[in-house]
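S.K.: Got a predicted structure here, sequence first:
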Amino acid sequence: MMNPKDQLNKVIDNIEKVIIGKRDIAELSMVAMLSHGHVLLEDVPGVGKTMLVRALAKSVGADFKRIQFTPDLLPSDVVGVSIYNPKDMEFNFRPGPIMGNIILADEINRTSPKTQSSLLEAMEEASVTIDGVTMQIPKPFFVMATQNPIEYEGTYPLPEAQLDRFLLKIKMGYPTSKEEMEVLNRSQLSVPIEELQSVITLEELLELQREAKNVKVDETIRSYIVDLARQTRNDSYVYLGVSPRGSIALMKSAQAYALLCGRDFVTPDDVQYLAKYVFGHRIMLRSEARYDGISAEEITERILTKTKVPVQRLVGQ
Amino acid sequence: MNSVRKNKAFMAVLYILVFLLLAEWLTPVITLTDTGHKPLFLIFIAISLLMAFLQVHWSIAAGVKIVYIMWFLIYVYTEATIFSFKALGFILSDLQINVEALFAQDWAQTTDIFRTVLFFSLLWMAVYLIHYWVSFRLSIFLFYILTVIFIAVLDTFSPYNGDTAIIRIMVVGLMLAGLLHLARWLEGHRINETIERLAGFIIPLFLMVAVSTALALYLPKAGPVWPDPVPYITSLSGEGGPGPGSAAVGRIGYGVDDSELGGSFLGDDTPAFRVEVEEGQYWKVETKDVYTTKGWELSEPVSDPVLYGNGDLIETEFEPGSEDESLNAVLEMEQDFPFVLYPYGIESIQMEGEIRYSYSSVDQKIEPLLSGAPYEPEAVELQFNEPTYSLTGLRETTVEKLAELPPEFDRYKQLPDELPQRVRDLAEEITMNSETVYDKARAVEDYFERNDFEYSLTNIPVPEEDQDYVDQFLFETKRGYCDNFSTSMVVLLRSLDIPARWVKGFNEGVLVDSDNESETEIYEVTNNNAHSWVEAYMPGVGWMLFEPTIGFTGSSEIDFDLDIESSDPEEQELPERPQQPELEEEEDAAAAASKGSNGPGLWERISDFASDHKGAVFIGAAAAVFLAILLFLKRQRWLPKVLVPYYRRRNGKQTFEKAYLRLLKQLDLYGIKREEGQTLMSYARYIDSFFGTKEMTRLTASYEQSVYGGRPETVEWRELKESWENLINRTSS
């Protein structure tokens, strides 16, 4: 059997065949998937979000579903509905698009809060309950939700509590000019997404998830994570800091990232790298921050530079 | 554990050398503190080392040592046999005394036994420490250097003569250092050697040490580049005092010319004579009577000397005491003196041959004559009986009687006209409350001790042209040695019209041996014991010895024949001289420089030295502090040179982590700072880009694995050493 790093890199390389210059995004997506988390992609349309998710799904041989959120979308359109079948004289459950392995929830902030919360609940529980019947969503279950930047017209911003359910918030960003040229190039030659082959099986993916859980997080690293989270709660620009769930998210994602880097232990570098993706959507800023043009990412950055990195083992270890 | 350490023969040689080195520590300590039973202490060290060598379990070793200490205490301090009830009771009662003294913080009350135990504990610790150095660290250099410094300091500042000791230490130390280096080398290269192959290294080493020592001993040597530090610094600092011979440093000993007193003295432990006697005595040579404001001279004789033969009863001005039996003293002269050293209360003298003894009443000197020519005796046997003085008589020495003294005493009342009035005033002031002549004399004798006078051999000025020797000492310097004290007392007494004279001779010397059978003690008297004291005339009683010099205890024996009630404490105390108990055995001036507890101790001398040369000490301290700061600031430059060999030899689990953290500090000193929030890996990448290396990243990955990964055992320091050394060496450039 291949080692986890190689397996994961194979997946990422595979994704890179169709997505140019977004290796870090692919990596982060893998990190989220490995740590049973979900990703919130915040970006303008047309930068390849859908392509990324599809490529990911193909690479791991997973079932891919897409939900396009619109203002008139109902919760039952997401989770499914029971329909009376006159022939059998009973209600038959028609599963919604959520019942898949990898879900792309497109423009999640365009739909009503009610529908949003039906999705988020499913994400949290990894199951749906319809008419008193609970149904497990097949594993692995990975949601990649996209949202337009919240300043756009006609959006329902996600409430804080629901943002917290996403492990990472990633911004894709525009490709560089060189990358964009490459994109144009490729679109001519076209490596159709349909031709993409899976490089690992779902079982292997599940095994990798288990391995990520076993990555060692040293006492010093745990206390570093706690330090960072606590710092966000004390910042003068911050209205609501990172919750303990945020700390857990940082630790889990760091574990997955360490696995991706071929290590079986977490280093402060992992924590630092992931902090801005984990903390970005969990820090609620005061209005002063907005006046001063300070973003949550900048605050995270600032906390990272001033928090002492543990470099020595704890006394007595 | 490595084969070299398991090689018993090799280790035995090491331990024997260690024993020799430790013995060099013990010898001066024992000599200087006048401790007896040196062989027993050496046996203790030997036992301790032997058990360390045989790797006896610590509990057994401790038990054996404790039993030995107990046995020593009981053997030395009591006559009981060990494990007897008497011995047990003795130990318990002593324990009680000392515990009480300790809780009362009354250090002076602790007994010798307790101090002995402390000394043993010290030896125990020393042996343990050295055992650790030799068996575990395989390094003795520090201890070796300390030994050399210790002996050198003692040789310079104390009477201990380390001339031969230092050679022995060099030889033993070089061999030990050589063997240990060999052991470390073998261990470092993981070589297992047989004893035969080892001999191939060891024999040349021994030969080399032997040849170089022999060469060093027999080749001519240049004189010291630096003079002896104490007098040299004294003279450099220019504080020797103005006047003739201001910077002159005399050497202690018996001199004839006393017309210009003053100046500093150096100790000189050349033996003068040895004496076997029941109890230590002051050995008188002569007296002088004319005070010249600068020193002492002798007046013209008024009568011819009296001649005595062997065994004749010699009449001096000191009546032999009334003890039943007179005492015997045998002097073996080690220097040629044309006079007889005699104790107070001398009765007769015997020497081999037809010797006659000329006793001059002017200076009370006894000169042996062989067929009319001066003779320098080699051995002298004396009978004497210490004079005793009746306290009743002493209480009747009224001032009025002084006026009735015959004119012979006038020469003992002589004083130069130039004597400053304040000296006379002081004499009056001191004796204001004393009624009898004896009380006055005692008051003057005690004055020095009670008025912050200081005993010192160094930095004593010679009076200037218009200065009076006594006046200078009493009012200006207030520090000096026996000549200062005794001359001053004579002058003070004379200014009160009490006849007094200045006496020269030797004090009792150092007790070197005692003979239990004949109840005699053997004293060694050296030039350091040359001394001067005072004789004063008590009207109606006679001449009496007084000892004004601080720390010396020559005193006349007082017969407590007063009809007084024993409850009268004031009267009882009268004849006692105030003296500190611990100074009891102190001797003369020179004694300061003499053996051990006699005279001011080493510490006092050092603190004297320090207080005399505050400037020099301050500059020295400032320079040392400056040097320390400089070294600290420049540590980035030299530290790697220390660290590299230090960590190179290390192999422990934590070594790599320690070494890595060291490297971080060193890089920080070098100027590449790591921000608090910077991770090691990003710092390492920066370091590598800075130096154009890959080693820091490599080390950091290992370090992360060790610390964050919690697997220090997977890190091989041996493999990382080179990278580490490479980096740390870069930081010193």
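M.R.: Everything's here; your move. Please read all numbers here as calculations on a predicted model, not as lab measurements. Numbering: from 1, shown residues only, chains lettered A, B, ... in the order given.
S.K.: Quick check: pLDDT value at residue 75.
M.R.: Went with chain A since none was named. What the model reports for residue A:75 is a pLDDT of 85.
S.K.: let's do chain B instead
M.R.: According to the per-residue confidence, residue B:75 scores 81 in pLDDT.
S.K.: Okay, buried residues for stretch B:513-529 please.
M.R.: Taking 16 or more other C-beta atoms under 10 Å in any protein chain shown as the basis for neighbour counts, the residues of stretch B:513-529 that come out buried are B:520, B:521, B:522, B:523, B:524, B:525, B:526, B:527, B:528, B:529. Every residue, glycine included, has its C-beta placed from N, CA and C.
S.K.: One more: stretch B:407-426?
M.R.: Buried-residue list, stretch B:407-426, by 16+ other C-beta under 10 Å: B:411, B:412, B:413, B:415, B:419, B:420, B:423, B:424, B:426.
S.K.: Next, the distance between the ends of it.
M.R.: The separation between the terminal residues of stretch B:407-426, taken as C-alpha to C-alpha, to the nearest Å, is 26 Å.
S.K.: related to what we said a few turns ago, same list (the buried residues of stretch B:513-529) but as a markdown table, adding distance to residue A:19, secondary structure and pLDDT.
M.R.: Converted to a markdown table, the buried residues of stretch B:513-529 look like this (distance: C-beta to C-beta, whole Å; DSSP: H, G, I helix; E, B strand; the rest coil; pLDDT from 0 to 100):
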| residue | distance to residue A:19 | secondary structure | pLDDT |
| --- | --- | --- | --- |
| B:520 | 111 | strand | 82 |
| B:521 | 106 | strand | 84 |
| B:522 | 106 | strand | 86 |
| B:523 | 105 | strand | 87 |
| B:524 | 102 | strand | 86 |
| B:525 | 106 | strand | 87 |
| B:526 | 101 | strand | 86 |
| B:527 | 102 | helix | 84 |
| B:528 | 99 | helix | 83 |
| B:529 | 103 | helix | 85 |
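S.K.: could those residues be laid out in a markdown table, adding distance to residue A:109?
M.R.: Shown next, in a markdown table, are the buried residues of stretch B:513-529 (distance: C-beta to C-beta, whole Å):
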| residue | distance to residue A:109 |
| --- | --- |
| B:520 | 115 |
| B:521 | 110 |
| B:522 | 110 |
| B:523 | 109 |
| B:524 | 107 |
| B:525 | 110 |
| B:526 | 106 |
| B:527 | 107 |
| B:528 | 103 |
| B:529 | 107 |
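S.K.: now, among the buried residues of stretch B:407-426, which is nearest to chain A?
M.R.: The shortest separation between chain A and any of the buried residues of stretch B:407-426 is 68.7 Å, and it belongs to residue B:426 (by C-beta to the nearest C-beta).
S.K.: contacting residues for that closest one?
M.R.: When the contact criterion is C-beta atoms under 8 Å, 6 or more residues apart in numbering or on different chains, the partners of residue B:426 are B:474, B:475, B:492.
S.K.: which of those residues lies closest to residue A:107?
M.R.: residue B:475 (107.4 Å; C-beta to C-beta).
S.K.: about what we covered before: so which of the buried residues of stretch B:407-426 belong to helices?
M.R.: B:423, B:424, B:426 (DSSP state H).
S.K.: Can you tell me which of those is closest to residue B:102?
M.R.: The shortest separation between residue B:102 and any of those is 43.3 Å, and it belongs to residue B:426 (by C-beta to C-beta).
S.K.: From residue A:74, how far off is the closest one?
M.R.: Using C-beta to C-beta, to the nearest Å, residue B:426 is found at 120 Å from residue A:74.
S.K.: State the distance from residue B:631 to chain A.
M.R.: Relative to chain A, residue B:631 is positioned 26 Å away (criterion: C-beta to the nearest C-beta, to the nearest Å).
S.K.: need the contacts of residue B:426 in TSV with distance to chain A, secondary structure and pLDDT, can you?
M.R.: Listed next are the contacts of residue B:426 as TSV, based on distance: C-beta to the nearest C-beta, whole Å; DSSP: H, G, I helix; E, B strand; the rest coil; pLDDT from 0 to 100:
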residue	distance to chain A	secondary structure	pLDDT
B:474	65	helix	86
B:475	65	helix	87
B:492	70	helix	89
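S.K.: From the residues you listed, keep the buried residues only.
M.R.: Neighbour counting with 16+ other C-beta under 10 Å marks B:474, B:492 as buried within these.
S.K.: If you tally nearby residues, what's the number for residue 110?
M.R.: Since you didn't name a chain, this refers to chain A. Residue A:110 is flanked by 20 other residues according to other C-beta atoms under 10 Å in any protein chain shown.
S.K.: switch to chain B, that's the one I care about
M.R.: The burial count assigned to residue B:110 is 18, neighbours taken as other C-beta under 10 Å.
S.K.: Contact partners for it?
M.R.: Going by C-beta under 8 Å, 6+ apart, the list of residues near residue B:110 reads B:97, B:98, B:101, B:102.
S.K.: Okay, now the unreliable bits of the stretch 101-250 of chain A?
M.R.: For the stretch 101-250 of chain A, applying pLDDT under 70 flags the ranges A:150-154, A:190-192.
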